[in-house]
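Provided below are the primary sequence and the corresponding predicted coordinates.
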Amino acid sequence: MPTERTELQVRTGVEGDLEALTDIYNHYVRETPITFDTAVFTPEERRRWLLSHPEDGPYRLKVAVAGDSNEILGYATSSPYRAKPAYATSVETTVYVAPHAGRRGIGTLLYGALFDALSGEDLHRAYAGIAQPNAASTRLHERFGFRYVGTYREVGRKFGRYWDVAWYEKEL
């Protein structure tokens with residue numbers, strides 16, 4: 001496990017990262033209500049998702065890598081908010097950090113790099129849905145200027161119960 005002093009680098013995600021990114025995401029599928037996916041994925045099943053985040057454009061994938069070991073410690077994405085054309089200047093953003101790497105500022109580092117990369121794009125708003133409760137994610141989003149706009153009550157069912165999702169938006 002990396003130490004607190006491990007130098008972190010943020011770069012664009014590439015196909016060689018697919019297995020590690022899938023492992024991180026599957027942890028949240030299996031163990032938390034943070035994602036509403038309920039079945040784990042194989043790397044091959046996640047390939048299309050990875051390829052939908054090219055190096056440039058409004059839909060990005062940034063990964064945090066431990067400089068000494070090249071271990072992927074987390075990732076952040078911007079993805080289409082909705083499929084209809086009028087939503088083209090809006091994105092939904094997410095951050096996932098490896099379970100052993102939390103509380104080290106990795107989410108902050110990733111979001112900083114993601115929003116820097118998006119600054120030159122023709123985008124108007126970013127949205128984030130946060131399954132409740134999730135105080136750490138709420139703090140992260142508020143730190144980046146997201147503001148609360150409303151809650152979808154009991155919108156998802158996972159682990160035998162219903163979960164609320166609080167929605168946040170940020171001007172880009």
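Done, it's in. Residues are numbered from 1 along each chain as shown.

got phi/psi on T35?
phi -110, psi 150 (degrees, to the nearest 10).

for it, give me its contacts.
Y25, Y28, V29, A131 (Cβ atoms under 8 Å, 6 or more residues apart in numbering). For every residue, glycine as well, the C-beta is placed using N, CA and C.

which strands or helices does the helix or strand containing the third one pack on?
Here V29 is covered by helix 18-31, with elements defined by DSSP states H and E. The helices and strands touching helix 18-31, judged by 3 or more Cβ pairs under 8 Å, 6 or more residues apart in numbering; DSSP states H and E, are helix 43-51, strand 72-80, strand 90-97.

just checking, Y168 touches H141?
Yes. Counting by Cβ atoms under 8 Å, H141 is a contact partner of Y168 at 4.9 Å.

any shared contact partners between these two?
Counting by Cβ under 8 Å, 6+ apart, the residues touching both Y168 and H141 are A128, I130.

the two: who's more crowded?
Shown here are Y168 and H141; by other Cβ atoms under 10 Å, H141 has more neighbours (24 against 21).

got phi/psi on that one?
Main-chain torsions, H141, degrees, to the nearest 10: phi -60, psi -40.

how about Y87?
The phi/psi pair for Y87 (degrees, to the nearest 10) reads phi -90, psi 0.

what sits closest to it if chain neighbours are left out?
In this structure, Y87 finds its nearest non-sequential neighbour in Y81, 5.0 Å apart by Cβ to Cβ, 6 or more residues apart in numbering.

please, which helix or strand holds G156?
In this assignment (DSSP H and E), G156 forms part of strand 147-158.

next, the angle from that strand to helix 18-31.
Interaxial angle of strand 147-158 relative to helix 18-31 (axes from the mean of the first three to the mean of the last three Cα atoms, to 10 degrees): 80 degrees.
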